[in-house]
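Undergrad: sharing a sequence plus its predicted fold:
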Amino acid sequence: MSLDYLWTGFAVALQWHNLLFGLLGCLLGTVVGALPAIGPINGIALLLPLAYTLGVPAESTMILLAGVYYGAEYGGRISSILLNVPGDAGAVMTALDGYPMARDGRGAEALALSGIASFVGGMLSVLALTFFAPLLGQLAIGFGPAEYFVLMIFAFATLTSMVGDQPVKTMIGAAFGLALSTVGLDPTSGAYRFTFGEPELYDGIEFIILVIGLFSISEVLVLLERQHRGGLETVSIGRGFPSLATLRLCLGAMLRGTGIGFLIGVLPGTGASVASAVSYTTEKRISDRAGTFGRGDPRGLAAPEAANNAAAGGAFVPMLTLGVPGSGTTAVMLGALLLYNIQPGPQLFTERPELAGGLVASMYIGNILLLVLNLPLVQIFVRMLLIPNWILLPGILALAFLGVYSTYASSLSIVLMISVGIFGYLLRKLGFDLAPVILGFVLGKVTETNLRNALAISGGELGILFASPIALVLWALAVLVLFAPLLLRRRSSEPRA
Amino acid sequence: MSGAGRGVRAEEEEPVRARDGFGWGERLPALVLFLVALAYGFAAARIEYAFSSDPLGPRVFPLGLAILLALLALAWFLRPGGAEPWPRGGLLVQTAGLVALAYLAAWLFDRAGFLIAMGVLCTGAALMFRATLRQALASGIAQAVLWWLVFAYGLRIPLPAGRWFTGS
Amino acid sequence: MRSLLAAALVVLFAASARAAPEKLECLAPAKPGGGFDITCQLLRLSLQNAKLVPQPVAVTYMEGGVGAVAYNHVVGTRPADPGLVVAASAGSALLLAQKKFGVHDENAVRWLAAIGADHGVIVVNAQEPFKSLKELGEALKANPAAFPFGGAGAVGSQDWMKAAIFAKSLGIDPKGLRYAALEGGGAVLTALLGGHVRIGTGDASEVGAHHKAGRVRVLAVLSEQRLPGDLADVPTAREQGLDLVWTTWRGFYMGPKVSDADYTWWVELLRKLAATPEFAAERQAKGLFPFTKIGAEFDRQVKADVARFRELAREAGLL
């Protein structure tokens, strides 16, 4: 595939009105990404009919929507880092080290670092998309149920890095998350499991309700306690830019995060939440030799941030090469193309180069715009920490309510969210980390469904799990990740010659 | 690190995770978890389905998890790892108060409408975080209106006007 | 004489119902972007373009319970709202037939209209040797274990049903099928392309372009007549001697206590809308095929579908 389409695309995307659409999309995306539970889907659902009605041409609409999509990935981290309240699924891991950094007076640095990591992840993934899209499309096709199941085995292998000083509790958390993922319609047999006849539970426990409840509500309760003990002081916002040494320290984490995130993003069956989770746990497995992860290690922030943006870029691969959506949001964008009577797929690059090229070019431009926008904005966002607690914390509660209500339109879901929040508070008091619960939940459904589908295809033969080269490579990686720390430790303890 | 003087290191604020006496503070929740695991397993064994296209069916995975959870609960019961003390006295009252306030706002959400529910929630929570009454009222009303504008007009997400007033 | 009277009655009703509901709302019982959203958007955009009513249709979303949460909500909380229509599909009828749609049955709401449809397809990878449904059928019959199916949905879902009626027509027990329940039509296509499954069941609108591009081969459309567009060269299953029809209509229901006058107002409005070129253009843009049934005719269709689906589910051993 020649790159002519891309030059056509840059010519389109650099027209001033398209630049303006891109900028508008980036800004709006940052805002919707920053609001909990409101994600790019909402932004796109809002803008799409508007753009269509106003007669905005297809390529400008795609540029606008791509801006929203990318902007939301940048925006989702703000509340995660500053308030320990993840704005979306991909930002859960960001809070693990980002929030301790902010509590430590390094809020501005954390925001800037995550902006840079996002840029690295986003930019490299667009480059990979430009040059290897058809090849990557083949990779996506290579993943059937068996391969997805082994990928999940690999993910669980990396999860062992989360075992802290209380391994039993980590395992309980993960098992509990897995159990929560079994509630609702069984995607294979069609049976309702653990729904007690409540239609609200037919679709299972909603991820948004779980994340917002566990994190937002429990955080406010914990802060109330901290205030009671006199520990709730306003933290300083710190200086604005990570030092060169920090950046150098994080470079490996960013690159590994990008690689893992991009590959997982390319697969239609897994998305940004799995990508950031696996990149964090892998990074912790590889780099966390001093036990600083989870206490404000910048690498623990850089890896998942690079990964979720890389995954966002990777999700375009199946859409552009196969014409099938790579994620929920790209599904909506696919719908946007259909609205303009355009059928996505590889023929797009030859039949409508201004559109395919414009979209890819706008990803380059969008990433640069967002970096340029975000670095100065850090100084504004971080001032959120200076807002008095009596305004900020009720605001977190209000946004938790709104986030849940705007997705499920029922006050019952709010009640459920509060109850989950109290449960999260109890877990935290009992010495549990919340991350394993979320990880178990995220990985649970993918694991079970793909194992059962694989066995349905093979008629119960377990051999299917070892049949393809992809599966074998993943098994090997899983074993490697399990034993990597042992190997690394041995090597570092050997005397240097 | 200039300007970081007010910053407090996260670890210093956390109360020490410790065991009380026999460790009932953890052993009791471990027992509860054990019972939950049993109930979950019992419910899993009774999942109704006509047939499944896969050999495992919908029961096996949850049943395995139930056994795993029960074993882990026992391990936790036998060797509690340490937990934070539960809130007592004034803090317990405040925590319970905040929870009750949140449930109240959720109850009001459909009935009294978004503006009133949010006003109550934000004002009440502001008071708990040591605002003066005037500050709390100002913040509560301002936030209710602000979020209404952002969501209902900015994002076009319809918010309830309140069943008590619209009469439906 | 009787038809004259009926006509007079309709005119009377129409006259008394001329007062349009104040606010028009289309509730999509899912996330933005799915099939229910498309149904609501088709209504909203075509009404807006055809300029039949002054007020816009607001599209709202209520995710949850495969649509059952919205069903319960309308029956329980907003049964008499004259401006509210809710998107539904043949999939909703299938769930109702299997009693998987909460406590209410198909008689709990007023079925308003279908405004479009998608049609079932049976599809294989373009590299497979089979050129017709018959050839595939013979190979499948000879060795069912060699042909894992892939569809978007669990046992009992529409895609599974398509596989099941195909198997049954060949004398194979649907319970013995190897069937992978995948997440969405896109996943079915990738699994077909990657050779993880060998027979795909799905919807015409989703595979048309891929068939035309030569990546997959649609062996049969499960409709009564051949379809226009990308799949025009594909014969129906009936043409090939197998009586397989699966129509996924998309339409709306209203609350059970909506007055006859308001119901008739909507019926009249949709009749007018269905005749406009703006509607036809929007329907095509949304990838839907013509399928218009309004009012009593639609109500009969839904009830008949539910009865047929119930029978099918019983035969397949689901009930």
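TA: Structure's in. What do you need?
Undergrad: how about the nearest residue to A:G296, chain neighbours excluded?
TA: A:P100 (3.6 Å; Cβ to Cβ, 6 or more residues apart in numbering or on different chains). Where C-beta positions appear, they are placed from N, C-alpha and C, glycine not excepted.
Undergrad: in which helix or strand would I find the nearest residue to A:V120 once chain neighbours are set aside?
TA: Excluding its sequence neighbours, the residue lying closest to A:V120 (Cβ to Cβ, 6+ apart) is A:M254, at 4.7 Å. Per DSSP states H and E, A:M254 falls inside helix A:244-266.
Undergrad: buried residues in that helix, which are they?
TA: Of the residues in helix A:244-266, those buried under the neighbour-count criterion (16 or more other Cβ atoms under 10 Å in any protein chain shown) are A:246-247, A:249-250, A:253-266.
Undergrad: cool, and stretch C:96-107?
TA: C:96-98, C:100-102, C:104, C:106.
Undergrad: could you chop chain B up by domain?
TA: B:13-78, B:89-166 (automatic domain parsing).
Undergrad: C:L27 is in what secondary structure piece?
TA: strand C:24-28.
Undergrad: what does that strand rub up against?
TA: C:34, C:36-37, C:39-40, C:43-44, C:47, C:53, C:55-62, C:70, C:74, C:81, C:83-87, C:252 (Cβ atoms under 8 Å, 6 or more residues apart in numbering or on different chains).
Undergrad: of those, which belong to strands?
TA: Assigned to strands by DSSP state E, the following of those qualify: C:57-61, C:84-87, C:252.
Undergrad: just put those residues in CSV and tack on distance to B:Q143.
TA: CSV is the format used below for those (distance: Cβ to Cβ, whole Å):
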residue, distance to B:Q143
C:V57, 31
C:A58, 25
C:V59, 28
C:T60, 24
C:Y61, 24
C:L84, 30
C:V85, 34
C:V86, 33
C:A87, 34
C:F252, 37
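Undergrad: tell me the one of those residues nearest C:L189?
TA: Using Cβ to Cβ, C:A87 comes nearest to C:L189 of the ones in strands among the contacts of strand C:24-28, at 24.5 Å.
Undergrad: how close does that closest one get to C:S205?
TA: 16 Å (Cβ to Cβ, to the nearest Å).
Undergrad: out of the two, which sits in the more crowded spot?
TA: C:A87 (28 against 25; other Cβ atoms under 10 Å in any protein chain shown).
Undergrad: now do the contacts for the more buried one.
TA: Neighbours of C:A87 in contact, by Cβ under 8 Å, 6+ apart: C:26-29, C:35-37, C:39-40, C:250-252.
Undergrad: now list the buried members of the residues you listed.
TA: Buried among those (16+ other Cβ under 10 Å): C:26-29, C:35-37, C:39-40, C:250-252.
Undergrad: so C:G202 is in which element?
TA: Judged by DSSP H and E, C:G202 forms part of strand C:199-203.
Undergrad: equivalent analysis for A:L355, please.
TA: Secondary structure assignment for A:L355, by DSSP H and E: helix A:353-381.
Undergrad: before we move on, what about C:K31?
TA: With DSSP H and E as the criterion, C:K31 is inside neither a helix nor a strand.
Undergrad: got phi/psi on it?
TA: phi -70, psi 160 (degrees, to the nearest 10).
Undergrad: my guess is it contacts A:G328. True?
TA: Yes: counting by Cβ atoms under 8 Å, C:K31 does reach A:G328; the two are 7.4 Å apart.
Undergrad: any residues in contact with both of those two?
TA: A:I41.
Undergrad: avg pLDDT for the biggest strand by length in chain C?
TA: If you go by DSSP E, chain C has its longest strand at strand C:110-125. Strand C:110-125 shows a mean pLDDT of 97.
Undergrad: that older thread, nearest to A:L124 among the buried residues of stretch C:96-107?
TA: Distances from A:L124 to the buried residues of stretch C:96-107, taken by Cβ to Cβ, are shortest for C:K100, at 45.3 Å.
Undergrad: now the closest one: how far from A:F293?
TA: Relative to A:F293, and taking Cβ to Cβ, C:K100 is found at 45 Å.
Undergrad: helix, strand or coil for the residue in the stretch 251-400 of chain A that chain C sits nearest to?
TA: Using Cβ to the nearest Cβ, A:V324 is the residue of the stretch 251-400 of chain A that sits closest to chain C, at 3.3 Å. Under the three-state scheme (DSSP: H, G, I helix; E, B strand; the rest coil), A:V324 adopts coil.
Undergrad: quick one, what contacts it?
TA: Here A:V324 is in contact with A:268, A:318, A:334, C:185-187, C:189-190 (criterion: Cβ under 8 Å, 6+ apart).
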